[in-house]
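Participant: with the sequence up front, the predicted model follows.
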Amino acid sequence: MWRSRHFPSYDIIRMLDTVPMTPTLAMLPSTPGTRLLIELASYAEDLSEAGEALELAFEAGPGSSCWLPLTNAAVVAYMRAFGRSDARGDLAAHIELPEDLHETHAMIRDYRNRSVAHSQSGLSMSLALAHLGTDGRVATVRAMTVRHALPAHTATRVADAVERIEAMLAERIQTLSDALAAEFREVSAHTVAAWTSPIIEHRLAEQFSGRSRRGSRPQFTMYWETEDISPADAETPHE
């Protein structure tokens, strides 16, 4: 007989520590500057995800079955940075796109809206087809869809846009980080010790849900998989 062991062995733990995260790492308090840095870091993660997806796509090659899903993933991640949500604004409010990227940006937006997020583009064609018998009459019927992925030349344009905007954003993040360091450098250790930490939750993978929302205080949930072990393994001490 097999049983399931949970990692961790509890359903949920919420840590609400009011001490620095580690002896050498603390979360800055909420101020306009720190909230802006958090927002910029979030955009940077989106662009990094887009860049990584494109890198994998080019490694696989345009003829690979991975090309379409990877380039689509890159387009979604890129446009996520330029869409407003309840949790943050639009990256365009913080950096000005170079004029020579306007056309590429509009192309990415249209491709995402018409082909990736919604199905209303001429780049996809679905057909109802009939296989004919020797007598010229319908024998069987089948459905078929033809889709056109991003051409390699177009994907190169997207990769160039991602790389350039990432560099602009990194410079903005570094400038703001330096300013915040100067602002908080004279804060006493006693005050720093009272700064709060992020809320970290642990749940089982079976509890995973896509309905969570970010709040004003940083919060993150870890979902843990389960592993089936035999009774003999369960009795073996773990080092």
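Facilitator: Cool, got the structure.

Participant: which of the residues in the longest helix that the chain contains are buried?
Facilitator: With secondary structure taken from DSSP state H, the chain has its longest helix at helix 152-184. For helix 152-184, the neighbour count (16 or more other Cβ atoms under 10 Å) marks 155, 157-159, 161-162, 165-166, 168-169, 172-173, 176, 180, 184 as buried. In short, each C-beta sits where N, CA and C put it, glycine included.

Participant: give the next helix or strand downstream of that helix.
Facilitator: Scanning forward in sequence from helix 152-184, with DSSP states H and E defining helices and strands, the next element found is helix 189-193.

Participant: distance from the chain centre to that next one, please.
Facilitator: Its chain's C-alpha centre and that of helix 189-193 lie 34 Å apart, by Cα atoms, centre = their mean, to the nearest Å.

Participant: list the buried residues for stretch 95-115?
Facilitator: By neighbour count on 16+ other Cβ under 10 Å, the buried set for stretch 95-115 is 97, 104, 105, 107, 108, 111, 112, 115.

Participant: distance between that stretch and the chain's centre?
Facilitator: Using Cα atoms, centre = their mean, we find the averaged C-alpha position of stretch 95-115 to lie 19 Å away from the chain's own average C-alpha position.

Participant: what about the residue of the chain most remote from its centre, is that helix, strand or coil?
Facilitator: For the chain, the C-alpha lying farthest from the average C-alpha position belongs to residue 135; by Cα atoms, centre = their mean, that distance is 54.6 Å. Under the three-state scheme (DSSP: H, G, I helix; E, B strand; the rest coil), residue 135 adopts coil.

Participant: again with residue 214
Facilitator: In three-state terms, and counting by three-state DSSP, residue 214 is coil.

Participant: what does residue 131 give?
Facilitator: From three-state DSSP, the assignment for residue 131 is strand.

Participant: gap between it and residue 144?
Facilitator: Residue 131 sits 11 Å away from residue 144 when distances are taken as Cβ to Cβ, to the nearest Å.

Participant: can you report phi and psi for residue 140?
Facilitator: phi -140, psi 160 (degrees, to the nearest 10).

Participant: show me how the chain divides into domains.
Facilitator: When the chain is parsed into structural domains using automatic domain parsing, the resulting residue ranges are 1-16+197-239, 30-122+150-186.

Participant: and those, which is most packed in?
Facilitator: Each of the domains of the chain was scored by mean neighbour count; the highest is domain 30-122+150-186, a mean of 16, by mean count of other Cβ atoms under 10 Å.

Participant: show the average pLDDT along stretch 79-91.
Facilitator: Confidence for stretch 79-91, expressed as mean pLDDT, is 89.

Participant: what residues does that stretch touch?
Facilitator: Contacts of stretch 79-91 from elsewhere in the structure, counted by Cβ atoms under 8 Å, 6 or more residues apart in numbering, are 39, 42-43, 46-47, 92, 105, 108-109, 112, 165, 169, 213-214.

Participant: in helices, which of the residues you listed appear?
Facilitator: Taking DSSP H as the definition of helices, the contacts of stretch 79-91 contribute 39, 42, 43, 46, 47, 105, 108, 109, 165, 169.

Participant: so the last one touches residue 46, yeah?
Facilitator: No. Assessed by Cβ atoms under 8 Å, residue 169 is found out of contact with residue 46, at 9.8 Å.

Participant: columns distance to residue 139 on top of the domains of the chain, output as CSV?
Facilitator: Below are the domains of the chain laid out as CSV (distance: least, Cβ to Cβ, whole Å):
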stretch, distance to residue 139
domain 1-16+197-239, 44
domain 30-122+150-186, 30
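
Participant: point out where this structure drops to low pLDDT.
Facilitator: 1-22, 230-239 (pLDDT under 70).
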